[in-house]
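**Student:** Need the 3D shape of this:
(chains A and B)
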Amino acid sequence: MSDSYDFLARQPSAVDSAFAVLEAVARIGPGVTARQLVDDLPMSRAGVYRVLKHLVANEYLVRTPDLRGFVIGERVAALGRVRPPSHADEGSDDALRVLHE
Amino acid sequence: MSSRDRAARPRPSLRFRDRSVFDGVARREVGSADVLAHSVAVLVPSLTALGTGLALPGMVGPGFWISTLLGFGLVWLLGSTFGEFASRFTSAGTLYTFVAKGFGPLPALVVGGALMIGYGAIIGFGLTDASGRFDAAIDAGLPDTPGGGLRVATVFVACVLACLFAMRRGIQWTSRVVMAVEAVSLVVLAIVLWTWTTRYGLPSWTALSLDGASPTRILLGAAGVVTLTLAFESSASLALETKRPLHDVPWALRNSLLVAAGLFVLANLVATTRPADAPSIWSWRWFAPGQATSVADALVLLVLATSLLALAMCVWSALARLLFSLAREGVLPSWLGRVDGHGVPFAAVLAVTPLALAVPVGAMVTGTDIGAFAWQLKQSGGVVICVAYAAAAFALPRFLWLIDEISWKPALCAGAAGVGAVAVAVTQLVAELRDGTWLALGLLAAAAGIGQLMQRRVRSAASLDELYVGMHDAAVASQVVLGPEPPHGAHADV
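**Tutor:** Reported below is the predicted structural model:
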């Protein structure tokens, strides 16, 4: 069941909207409310709510304990943690080096 | 809310705990299919289709399909309303937590009491009816087998033990068993409906005619349809154990209703071709009408009995999780909040057992037929659950206002759902009082009494910090990114 892709991912603008919301939350700061996001973003209210709902459901955003605000979720931070190259990768790097030489 | 009022509101709290209040429960054990299976199991679509689904056209007459649409339409509104809550926070308390978020502690505790009674009645009904159908299956397939009360009692005890065994294994095991049971029951339903269609022919468009329709019977039929879906929202109690609860629970609520409604409509239409002089639907002979013995019908009864067992087990799981949630909040004794090595709140599961046994004990005490008592208890318990539905529906607009996310569409749906739930509750209550039955009133009073008792415990708590009625599973510090320098006042609790 491909639930992860049921949010209009086929439409590039939807992806842009999701990134716009994430960036707005990061820029305005933790605890930003839905109302503040609606005021800040050039999107319809329904659009902001739809994106928020999807991002929260997938834990890219997390609600504050009182449910009134939003915070960037750890899942977003995990995107920035690059996996160090493994020995298998080092092997292919050596092959590439030989080809160049 | 005006911008001035908004500006006067405190900033959202950034106090994230280090650990969840519901620590210990098995996390991310079940997916959307499992939650859907739970919700479908509680709806017992095969059972309702082969019973009331086939009987409704005869009961309501012309316009029966409006009863079905209205009934499931109302339940859809309720499901959408509950989905608004479930898409915003994770909890195990279902309607109790929903009402707490909107209306605060006392109404929530009364709803908690209502759920204990309503869910308890459904568990008792499920186990009793399952035992009855297992017994009927033996009569239909193996007529020479010695029967009687002892056989039914033995089957009943076996059903209780089977539920306990399954729940002890963990929620993933339970949900997979339920999924398999419902898959088989849907196949059986399809075969029965196909057999009826080949026997009696395809329904015609005249079945949808409204000539001679009675609005009263249509509305009563709609109320009856709603009572077939009671406790469908109980799958929300699995949220703590679900992989993506904020998506999976609302999704399961919506789609389970679609499955049940579609099958019910199919059964309605198939039943319109049945001749008036055909044997009664309640004779439980779908393949061999009028026959005393039928191996095929015995198998159908066996499958339906298993479905009822799944219903009992799912609602049992939900009630146990409600008790677990109340215990973790400090409202109920702390031992109910313990979990075992599988992350199952098994102490709470065991605590529900006396409620499961209430039906046979109650039948013995009142000297009534156990099947009739179980049915009456379910109907009366349904009034209590409908009142809880109304409370949760009316709580949504206030909850959305409190978190400043109010909009007209969910508020309108919630209002309509609440009014509908009240109408169903009143309809059922009036029908009972006309029959001289005071059970529903008694159960409502009992729910209020349980709520009051819990309220006293809340008020007598040593410290208000120890209690938080209607707790949800808030995010913990490790799940959020507050930035390198959290703003003033924002920190994780140690």
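
**Student:** of all of chain A, which residue lies closest to chain B?
**Tutor:** In chain A, no residue comes nearer to chain B than residue A:69, which is 2.9 Å away by C-beta to the nearest C-beta. For glycine as for every other residue, the C-beta is placed from the backbone atoms N, C-alpha and C.

**Student:** and the longest strand seen in chain A, which strands flank it?
**Tutor:** Longest strand in chain A by number of residues (criterion: DSSP state E): strand A:69-73. With DSSP bridges as the test, strand A:69-73 is paired with strand A:32-33 (antiparallel), strand A:61-63 (antiparallel), strand B:480-481 (antiparallel).

**Student:** which one of those is the most hemmed in?
**Tutor:** strand A:61-63 (a mean of 25; mean count of other C-beta atoms under 10 Å in any protein chain shown).

**Student:** surely residue A:59 meets residue A:72?
**Tutor:** No: using C-beta atoms under 8 Å as the test, residue A:59 is too far from residue A:72 to be in contact (10.4 Å).

**Student:** quick one, which of the two is more surrounded?
**Tutor:** Set residue A:59 next to residue A:72 and count neighbours by other C-beta atoms under 10 Å in any protein chain shown: residue A:72 wins out with 21 against 18.

**Student:** which residues does the more buried one bridge with?
**Tutor:** So, taking DSSP bridges as the rule, residue A:72 has residue A:61, residue B:481 as bridge partners.

**Student:** how close does it get to residue A:36?
**Tutor:** 15 Å (C-beta to C-beta, to the nearest Å).

**Student:** Ok, residue B:202 next?
**Tutor:** Applying C-beta to C-beta to residue B:202 and residue A:36 gives a distance of 58 Å.

**Student:** The two: which has the busier surroundings?
**Tutor:** Higher neighbour count among residue B:202 and residue A:36: residue A:36, with 19 against 10, using other C-beta under 10 Å.

**Student:** Could you pull up the residues touching the more buried one?
**Tutor:** residue A:28 (C-beta atoms under 8 Å, 6 or more residues apart in numbering or on different chains).

**Student:** Quickly find the element holding it.
**Tutor:** Per DSSP states H and E: residue A:36 is located in helix A:34-40.

**Student:** quick one: stretch B:392-411 to chain centroid distance?
**Tutor:** Its chain's C-alpha centre and that of stretch B:392-411 lie 23 Å apart, by C-alpha atoms, centre = their mean, to the nearest Å.

**Student:** Please determine whether that stretch lies in contact with chain A.
**Tutor:** Yes: Stretch B:392-411 is in contact with chain A by C-beta under 8 Å from any C-beta of the partner chain, via B:402, B:403, B:404, B:405, B:407.

**Student:** List only buried entries from these.
**Tutor:** B:403, B:404, B:405 (16 or more other C-beta atoms under 10 Å in any protein chain shown).

**Student:** how far away is the second one from residue B:109?
**Tutor:** From residue B:404 across to residue B:109, the span is 26 Å (C-beta to C-beta).

**Student:** got it, and the last one?
**Tutor:** Taking C-beta to C-beta as the criterion, residue B:405 is separated from residue B:109 by 25 Å.

**Student:** Quick check: residues of chain A near chain B?
**Tutor:** Residues of chain A lying near chain B (C-beta under 8 Å from any C-beta): A:1, A:3, A:29-31, A:33-35, A:45, A:49, A:53, A:56-59, A:62-69, A:71-74, A:76-77.

**Student:** Could I have the buried ones of those as PyMOL selection syntax?
**Tutor:** Remark: buried members of the residues of chain A next to chain B, expressed as a PyMOL selection using 16+ other C-beta under 10 Å:
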select buried, chain A and resi 3+29+30+31+33+34+35+49+53+56+57+58+59+62+63+64+65+66+67+68+69+71+72+73+74+76
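
**Student:** ok so, going back, now render the strands paired with strand A:69-73 as a markdown table, adding distance to residue B:280.
**Tutor:** Listed next are these as a markdown table, based on distance: least, C-beta to C-beta, whole Å:
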| stretch | distance to residue B:280 |
| --- | --- |
| strand A:32-33 | 59 |
| strand A:61-63 | 53 |
| strand B:480-481 | 60 |
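
**Student:** Which of those comes out lowest on mean pLDDT?
**Tutor:** Per-stretch mean pLDDT for the strands paired with strand A:69-73 is lowest at strand B:480-481 (a mean of 90).

**Student:** for chain B, longest helix please?
**Tutor:** Determined from DSSP state H, the single longest helix within chain B is helix B:105-141.

**Student:** who does that helix touch, helix- and strand-wise?
**Tutor:** helix B:95-103, helix B:149-169, helix B:295-328, helix B:346-356, helix B:358-366, helix B:370-402, helix B:439-459 (3 or more C-beta pairs under 8 Å, 6 or more residues apart in numbering or on different chains; DSSP states H and E).

**Student:** Hey, what's the angle from the longest one to helix B:439-459? Just curious.
**Tutor:** For helix B:295-328 and helix B:439-459, the angle between their directions (axes from the mean of the first three to the mean of the last three C-alpha atoms, to 10 degrees) works out to 30 degrees.

**Student:** Give me the next element, helix or strand, following the helix holding residue A:36.
**Tutor:** helix A:45-57.

**Student:** Looking at chain B, which residue is nearest chain A?
**Tutor:** residue B:12 (2.9 Å).

**Student:** Can you verify that residue is assigned to a helix?
**Tutor:** No: read with DSSP: H, G, I helix; E, B strand; the rest coil, residue B:12 is coil and lies in no helix.
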